[in-house]
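>>> Quick one: sequence and predicted model below, then my questions.
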Amino acid sequence: MPLTRHRHDSPQSVTSAAESRTEDQARRLRQYLFTMSIRTLCFILLVVIDHPIRWLFAVLAVFLPFIAVVAANAVLPRVPGRVRPVVPTVDDTRQITPAPHEDDRPTTP
């Protein structure tokens, strides 16, 4: 009997699927590059600005690489309940034709 018919109250939604691995990696790479761009800007401002706020830029330039790497390596956790498992069910509909494994030839006793 075929196991392809599924009876659920609501259909499985494609939007409930998790983000693909490629999209996740691209998102984390963009986030890393953005953070490192801010770090580069902090180095430039550290050299250009002659004000006590330059020490804030120095601290940011030192600690932003750590923050960028930790954030880039953080994979989003799977959210439980977003995807329902598909449970196979038995179709009880009577078949009009014989099953493929049954032979049409009569058997001789």
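On my side now, so go ahead.
>>> Helix or strand next in line after the longest helix that the chain contains, which one?
Identified as the longest helix of the chain according to DSSP state H is helix 21-48. Per DSSP states H and E, helix 21-48 leads on to helix 54-73 as the next helix or strand towards the C-terminus.
>>> so what does that following helix touch, helix or strand wise?
helix 21-48 (3 or more C-beta pairs under 8 Å, 6 or more residues apart in numbering; DSSP states H and E). Placement of C-beta: from N, CA and C, glycine included.
>>> quick check: angle from the helix it packs on to helix 54-73?
With axes from the mean of the first three to the mean of the last three C-alpha atoms, to 10 degrees applied, the angle from helix 21-48 to helix 54-73 works out at 170 degrees.
>>> Could you name the helices and strands sitting against helix 21-48?
helix 54-73.
>>> What count of nearby residues applies to Phe57?
20 (other C-beta atoms under 10 Å).
>>> That one contacts Leu45, doesn't it?
Yes: in this structure, Phe57 is within contact of Leu45 by C-beta atoms under 8 Å, at 4.8 Å.
>>> Point out where the protein drops to low pLDDT.
1-18, 77-85, 98-109 (pLDDT under 70).
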